[in-house]
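Peer 1: Predicted model follows, preceded by the sequence.
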Amino acid sequence: MGRKNIFEILAEKEDIAYQLDRIETLLSKHSIDGWTLEEIIDEYCIRDWKYRGRCTSCREIRKSLCITFGEVKKNIEDINVVLNYLEYISNLIWLCNDKYMYIVEDCDAEYQYLQENVIGLVEDFGYEIKVLDEEERVLIVEKNPAVTAVSEIVPIELSNKVIEYNHFRLKGELEEKNRRVKSWIILN
């Protein structure tokens, strides 16, 4: 067995708790025009976002989804809690990039690091981030080359349905998956 280089050692030392701490720290940085990402969303984006439900702030969304950072740390062993947290941040990043970044003049490196760290952790879990632009939302789905191939060749409405079918929350939920497929057949 040969010597490990510093990059191999760093890769082994990464743990989920540390990565989540790093992401939360980056999320709380004033890295976009002197604001945090959640402040930008609250001030400029949340009002028009159709998936906010009745929530009026990022804080309310986190509380409703039970993904305050304390909840995430307490339930770190539950992959669904961690993926919900990462999906929440992915949606905020998409909203900011789509609705706000075109007017921004000052974006610090921390915002880029936040995006990279979220994507990296999602990929470490064997998932990927799928952006559904027309629906104004981002989903985290299990990496599946067959789903990706199908979603690239069918019409966009059906493509989004195929991606939703593969969403991490539906894993093992055969009845719900069957219900969705039947509804697609009826609609088409």
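Peer 2: Good, I have the coordinates.
Peer 1: Could you use CA atoms for every contact and neighbour count after this?
Peer 2: Noted.
Peer 1: tell me the domain ranges of this protein?
Peer 2: The chain breaks down by automatic domain parsing into domains covering 14-125, 144-188.
Peer 1: Let me have those domains in a markdown table, extended by distance to residue 133 and mean neighbour count.
Peer 2: Below are the domains of the chain laid out as a markdown table (distance: least, Cα to Cα, whole Å; neighbours: other Cα atoms under 10 Å):
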| stretch | distance to residue 133 | mean neighbour count |
| --- | --- | --- |
| domain 14-125 | 9 | 16 |
| domain 144-188 | 10 | 13 |
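Peer 1: which secondary element of this structure has the worst mean pLDDT?
Peer 2: In the chain, no helix or strand scores lower on mean pLDDT, DSSP states H and E than helix 6-13, which sits at a mean of 59.
Peer 1: Give the other helices and strands that the helix or strand that that one is followed by contacts.
Peer 2: Using DSSP states H and E, the next helix or strand after helix 6-13 towards the C-terminus is helix 16-27. On a contact count with 3 or more Cα pairs under 8 Å, 6 or more residues apart in numbering; DSSP states H and E, helix 16-27 meets helix 109-124.
Peer 1: For the helix it packs on, the averaged confidence score.
Peer 2: Mean pLDDT, helix 109-124: 92.
Peer 1: Does it pack against any helices or strands, and if so which?
Peer 2: Contact analysis of helix 109-124 by 3+ Cα pairs under 8 Å, 6+ apart lists helix 16-27, helix 79-99, strand 127-132 as its packing neighbours.
Peer 1: For residue 27, give me its contacts.
Peer 2: If a contact means Cα atoms under 8 Å, 6 or more residues apart in numbering, then residue 27 has 36-38, 111, 114 as its contacts.
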